[in-house]
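# Starting from these lines, generate the structure:
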Amino acid sequence: MIKEIWTIDQHEGFLRKKCLPIADNCFEQAIQVLEDLADTFAPMSKAGAGLAAPQIGYPFRIFLLQYQGLDIRAINPELIKAKGSHLVKEACFSIPGKIFTLKRPDVVKVRYTDIHGVTRSIRGHGLTAQALMHELDHLDGILVDKR
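Below you'll find the predicted structure:
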């Protein structure tokens, strides 16, 4: 189901809170959240790389990344490793109309559970590292304006 993207103007307190992990017995709920993320993100996929659960009102550690053939649906993702850094320009659906310059790692490794319950990891470079960190930040209640 397509949901409204929550902005800091309307939901700052919620968007700046750390998200809850999904318990094993709530896996079906996580799948529904991912479906809602995919439905909501689809019409604006050319304008971004992903969307996190809190951006559509769910307080859970779940995000979606879809761009350039990449399709990651991450449940309970965690940063394993980050190396290097560089400055990037970054925007966010939750802070519409603004672009921020911030420091992001060159390379990251993230572990997560996929929609089949399998633990996976991804090593991201460049834009993929940037997108992974952006979505992980959302799950920790950090938006680009405070990064």
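# What's the local residue count around the nearest residue to H86 once chain neighbours are set aside?
Spatial nearest neighbour of H86, excluding adjacent residues (Cβ to Cβ, 6 or more residues apart in numbering): D106 at 5.9 Å. (Glycine included, C-beta is placed from N, CA and C.) Taking other Cβ atoms under 10 Å as the neighbour definition, D106 ends up with a count of 14.
# For D106, grab phi and psi.
The main-chain torsion angles of D106 are listed as degrees, to the nearest 10 and equal phi -70, psi -40.
# Show me what the longest strand anywhere in the chain is packed up against.
The strand of greatest length in the chain, counted in residues with DSSP state E as the criterion, is given as strand 70-83. Counting by 3 or more Cβ pairs under 8 Å, 6 or more residues apart in numbering; DSSP states H and E, the packing neighbours recorded for strand 70-83 are helix 27-41, strand 62-67, strand 107-113, helix 126-139.
# Name all residues that make contact with the closest residue to K146 other than its chain neighbours.
Excluding its sequence neighbours, the residue lying closest to K146 (Cβ to Cβ, 6+ apart) is R16, at 7.9 Å. When contacts are counted by Cβ atoms under 8 Å, 6 or more residues apart in numbering, R16 is found next to 8, 141-143, 146.
# Buried ones among those?
By the neighbour-count criterion of 16 or more other Cβ atoms under 10 Å, the contacts of R16 include these buried positions: 8, 141-143.
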